[in-house]
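> Quick one: sequence and predicted model below, then my questions.
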Amino acid sequence: RHNSTSQDDPVAKCCNGSAPSKENYYLSNFHPFVWMPTYQFGNAVDLKDITCLKCKEVGKCNLDKLTYRPMLHFNRTIWVLHHRIKCRSCKKNFTSIDSEFLEQLPTRIVERFPFVAPIRGPGVHEMMIYQFVTLNLKQTGFGTFVDSINQMHRLHHTRDTLSYYDCMSARKSPNLHFVDDRLYEPYSSFHDSNEYCGIKLTRNLWKACVLVYWISREPYAQASFQLCYDEGNSADHTHKFANTVRA
């Protein structure tokens, strides 16, 4: 919504002649995503049916505090608000975006969560993994893909920086003796955690996300290789995938 040219766009206020504000640019890059399945899907998600990921007890989980996790998309970062879940039996907790927790939810609900998150640290949008799988078959490796994502995020930051200074230049007073310090605040660097808060995708993080994705879908993938399920007519069709499957 903020990236559109509507009146709600914080950056539009800077481009129409108003005093440019760094905060408006930072706000335009804030993309929230709320994931609270116990509230959003009603009785379809009941914690009484959830197995604790730590002690494997059933029906002992309660919602704990809210937290957030950044999820990298192609050219932006999405901040996912979600719950921590605490077990009354073992007193340990886990998150509602953990892949093992999501596996316990109905498929129609899990499909509403389009992110892949490792145990800790940032996650990624699943569309990035879909694209990587396609590009990987064309000899695009982990490092090349990670560099391209980081380049897109850096490019987005650079464009915002130039736009901010362009708005600032348009507001410059012809009177050289007049100075408004608010107009000359430098734009944040990409990695400044207090302002722009850019996040770099690393190879290890990307590999961890891809691994989480494939582990969660391994049962489906294994079943897909065996194309016929009847015991009398079953056959091994895995040789048909030899041209695309690589170690």
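Yep, it's here.
> Give the ranges of residues in the protein that sit below the confidence cut-off.
Screening the chain residue by residue with the criterion pLDDT under 70, one finds the ranges 1-8, 10, 13-18, 171-184, 220-247.
> At which residues are the helices of it located?
If DSSP state H is used as the criterion, the helices of the chain fall at 10-15, 22-28, 37-40, 99-102, 107-110, 126-136, 142-170, 203-216, 218-225.
> for the second one, packing partners?
Applying 3 or more CB pairs under 8 Å, 6 or more residues apart in numbering; DSSP states H and E, one finds that helix 22-28 contacts helix 10-15, helix 142-170. Using the backbone N, CA and C atoms, a C-beta is placed for each residue, glycine as well.
> Tell me which of the ones you listed sits most buried.
Sort the helices and strands packed on helix 22-28 by mean neighbour count, taking mean count of other CB atoms under 10 Å, and helix 10-15 sits at the top with a mean of 18.
> List the contacts of P114.
Residues in contact with P114, defined by CB atoms under 8 Å, 6 or more residues apart in numbering, are 125-127.
> before we move on, the earlier item: quick one: which of the helices of the chain is nearest C61?
Closest to C61 of these, according to CB to CB: helix 99-102, at 9.0 Å.
> Now do the buried residues in the closest one.
Residues 99, 101-102 are the ones in helix 99-102 that count as buried (16 or more other CB atoms under 10 Å).
> Now for the one residue sitting closest to the centre of the chain: which residues touch it?
The centroid of the chain falls nearest to M71 when counting by CA atoms, centre = their mean (2.2 Å). For M71, the contacting residues are 33, 77-80, 115, 117, 122-125, by CB under 8 Å, 6+ apart.
> Throw the helices of the chain into JSON lines and include distance to K91, thanks.
Supplementary listing: the helices of the chain in JSON lines, determined by distance: least, CB to CB, whole Å:
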{"stretch": "helix 10-15", "distance to K91": "43"}
{"stretch": "helix 22-28", "distance to K91": "38"}
{"stretch": "helix 37-40", "distance to K91": "20"}
{"stretch": "helix 99-102", "distance to K91": "17"}
{"stretch": "helix 107-110", "distance to K91": "27"}
{"stretch": "helix 126-136", "distance to K91": "32"}
{"stretch": "helix 142-170", "distance to K91": "37"}
{"stretch": "helix 203-216", "distance to K91": "25"}
{"stretch": "helix 218-225", "distance to K91": "30"}
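> what's the closest of those to L63?
Shortest separation from L63 across those is recorded for helix 37-40, at 6.6 Å, computed as CB to CB.
> contacts for the closest one?
Helix 37-40 is touched from outside by 34, 44-47, 63, 83, 96, 105, 109, 112-113, with contacts defined as CB under 8 Å, 6+ apart.
> Looking at the contacts of M71, state which has the most neighbours.
Across the contacts of M71, the neighbour count under other CB atoms under 10 Å reaches its highest value at V124, namely 27 neighbours.
> For it, give the beta-bridge partners.
According to DSSP bridges, L72, V116 are recorded as the beta-bridge partners of V124.
> circling back: return the distance of the residue nearest to the centre of the chain relative to D46.
Note on M71: its distance to D46, by CB to CB, to the nearest Å, is 26 Å.
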